[in-house]
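> okay, structure incoming, though there's no sequence with it:
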């Protein structure tokens, strides 16, 4: 009996691991909140992903405009011709004592309306677990209009043969206007594919560093 249970547990873990390692994206909507999960394999060492994670955090805290050349590349966030919502970064400053980054944006919904000087406060940080997993998180702790809640994590799990499994988890609850505007269909065209593209950009940066 014990052998049967052990075999069943090993089989279950193997199936879950195999499923998690594939390139998949899924979004669920519940109680006004969107939750997206995306997984992808990356050919890179722990040192490679640590360097890229540090670069991401450094650019976010000091020179956020640089992110549009790599981590946010081709996300179309500032292109009015290709986006239902345009984010124009106006100011960004990080408080070294609290770790909070205070950002100010203009948000444009083409042909509908625009919102000026929207304040967003976020904490972006990196943690490393005892099992060698690394996690980068972005927690929106205040937004004057855009979000009621926003949390994004990118967990990087070491595999064999210098491979990593990237797991992106994003949960978002929009403010009143965007809750009406961003339907489930719009979420896929505005948010979901950008979560996928951001993670792919992180993958590309890690693999490029690994090849050097």
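Alright, I've got the coordinates. No experiment lies behind these values; they were computed from the predicted model shown.
> could you use CA atoms for every contact and neighbour count after this?
OK.
> can you give me the first-to-last residue distance of stretch 24-35?
End-to-end distance of stretch 24-35: 14 Å, with Cα to Cα, to the nearest Å as the criterion.
> give me the residues contacting that stretch.
36-40, 169-174, 179, 184, 192, 196 (Cα atoms under 8 Å, 6 or more residues apart in numbering).
> okay, which residue is most central for the protein?
Residue closest to the mean C-alpha point of the chain, counted by Cα atoms, centre = their mean, is residue 152 at 4.9 Å.
> C-terminal to the helix or strand where that residue lies, what's the next element?
Assigned by DSSP states H and E, residue 152 belongs to strand 147-158. Moving toward the C-terminus from strand 147-158, the next helix or strand (DSSP H and E) is strand 163-174.
> and the pLDDT for residue 160?
We have a pLDDT of 90 for residue 160.
> quick one: low-confidence ranges for this structure?
1-22, 78-83, 130 (pLDDT under 70).
> where along it do the strands fall?
For the chain, the strands defined by DSSP state E cover 24-30, 33-43, 86-94, 100-109, 113-128, 134-143, 147-158, 163-174.
> closest one to residue 61 among those?
For those, proximity to residue 61 was assessed by Cα to Cα; strand 86-94 is nearest, at 5.7 Å.
> now the angle from the closest one to strand 113-128?
50 degrees (axes from the mean of the first three to the mean of the last three Cα atoms, to 10 degrees).
> what's strand 86-94 in contact with?
Under Cα under 8 Å, 6+ apart, the answer for strand 86-94 is 61-62, 64, 77-80, 100-110, 117.
> can you check stretch 106-126 too?
By Cα under 8 Å, 6+ apart, the surrounding residues in contact with stretch 106-126 are 53-54, 57, 60, 80, 84-90, 99-105, 134-146.
> list the buried residues for it?
Residues 107-109, 117-126 are the ones in stretch 106-126 that count as buried (16 or more other Cα atoms under 10 Å).
> so how far is that stretch from its chain's centroid?
Relative to the mean C-alpha coordinate of its chain, stretch 106-126 is positioned 16 Å out (Cα atoms, centre = their mean, to the nearest Å).
> for stretch 32-46, same thing?
Distance of stretch 32-46 from the chain centroid (Cα atoms, centre = their mean) equals 8 Å.
> returning to what we had before: select, from the contacts of stretch 24-35, the two members most distant in space.
Greatest spatial distance among the contacts of stretch 24-35 (Cα to Cα): 40 and 179, at 28.9 Å.
> so between those two, which is more surrounded?
residue 40 (20 against 16; other Cα atoms under 10 Å).
> and that one, bridged to which residues?
residue 166 (DSSP bridges).
> residue 105 now?
As for beta bridges, residue 105 partners with residue 89, residue 118 under DSSP bridges.
> what distance do you get for it to residue 195?
Separation of residue 105 from residue 195 (Cα to Cα): 20 Å.
> and what of residue 91?
Residue 91 is 23 Å from residue 195, where distance means Cα to Cα.
> cool, and residue 212?
26 Å.
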